[in-house]
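[1] Curious how this folds, go ahead:
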Amino acid sequence: MIRDGKGGDASYADEGESRHISHAGVMSWHNHDVRRSLFLVLVGVLSGFSTAAPQSDARTPGHYSAPIRYDGRFTLVRLRWGAELSPPRGRIGLQDAWSHDYPQAEQSLSAIIRELTYVDIHDDGNEILTLDDPDLFKYPIALMWQPGFWNLTDREAESFRAYLLKGGFAIFEHFAGATQWANFEAQMRRVLPQGQLVRLDASHQIFTAFFPISDLDAIVRPTPQIRPGYYGIFEDNDPSRRLLVVANFDNDVPEYSERLSQELFPFDTSNEAYALGVNYMIYGLSH
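    Here you go, the predicted model:
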């Protein structure tokens, strides 16, 4: 459920490791060995994935489906937008741009969160919701792909605004270039008319929420070597308050780990990209 912001912190030691639990119930490991082993864990949990639909109700390795029944456990939510719109002239298939990299992105992210944190997450499926679906308020974090082609209705804008202001956190992935940025900015202005998109630097706590990431430029595609930008909108435009949204511009962070087995990207880059994805989840659950 969307939180009201209340809660406390507690810490304890377990099996000789120093750990911390936030008011969202998220365990963070203060152990650099976890970071060094992230790549090995990625290889292990992703090696058995299968995107094929299961043949029975019994859960099998690689089982993944959507939607899944809401039971209070943390569930990744992908936002479905504009699926009924006709694509702009000269472009094909933009009705389904929201589904880019599905379900590999959610499948791999949920698996690594389960392996490296104490978050009780569904790693067998996710939810797909429109921005005006009342059920969206059950989930603290929502993800959107390709917002450079996003098109909102007035009802969606109003509902999405309420979601963010009540405690929701939205992550935007996979868009690049001035034209796509202009569209994203215009749609966000309809959602949060007073909201100001500001560039985030490595000093913001979202980049140290679980794994310390000091060099944001490390997550750069081999081609065309464009420096990515990370942007956010703060509650009341106050940098001391929580982020309502974060946008990965000129980049596609989940794709690094999705393509791990294909060896399209350097291992170190894939490692950093997944660390960033985990940080986003921990931040969204604890703020």
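[2] All the helices of the chain, residue numbers only.
    Assigned by DSSP state H, the chain shows helices spanning 32-36, 38-46, 104-116, 154-165, 177-191, 253-258, 267-286.
[3] Just give me the lowest mean pLDDT stretch among the ones you listed.
    Within the helices of the chain, confidence is poorest for helix 32-36, with a mean of 50 (mean pLDDT).
[4] still on that earlier bit, for the helices of the chain, please prepare CSV with the additional fields mean neighbour count and distance to A209.
    In short, each C-beta sits where N, CA and C put it, glycine included. Formatted as CSV, the helices of the chain follow (neighbours: other C-beta atoms under 10 Å; distance: least, C-beta to C-beta, whole Å):
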stretch, mean neighbour count, distance to A209
helix 32-36, 13, 13
helix 38-46, 17, 15
helix 104-116, 22, 12
helix 154-165, 18, 19
helix 177-191, 16, 23
helix 253-258, 23, 15
helix 267-286, 22, 4
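[5] so can I have a markdown table of those showing distance to R78?
    Below are those laid out as a markdown table (distance: least, C-beta to C-beta, whole Å):
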| stretch | distance to R78 |
| --- | --- |
| helix 32-36 | 27 |
| helix 38-46 | 19 |
| helix 104-116 | 7 |
| helix 154-165 | 14 |
| helix 177-191 | 17 |
| helix 253-258 | 11 |
| helix 267-286 | 14 |
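[6] among those helices, which is nearest G72?
    When the helices of the chain are compared by C-beta to C-beta, helix 267-286 sits nearest G72, at 13.3 Å.
[7] What's opposite L143 in the beta bridge?
    Beta-bridge pairing of L143 under DSSP bridges involves R78, I171.
[8] Sorry, slip of the keys, the one I care about is F175.
    Assigned bridge partners for F175, using DSSP bridges, are F249, N251.
[9] Tell me the pLDDT of D124.
    Here the pLDDT value assigned to D124 is 91.
[10] returning to what we had before: tell me which of the helices of the chain sits nearest to A247.
    Comparing these under C-beta to C-beta, the one sitting nearest is helix 177-191, at 6.9 Å.
[11] could you say what helices and strands the closest one packs with?
    helix 154-165, strand 169-175, strand 243-249 (3 or more C-beta pairs under 8 Å, 6 or more residues apart in numbering; DSSP states H and E).
[12] If I take that helix and helix 154-165, what angle do their directions form?
    80 degrees (axes from the mean of the first three to the mean of the last three C-alpha atoms, to 10 degrees).
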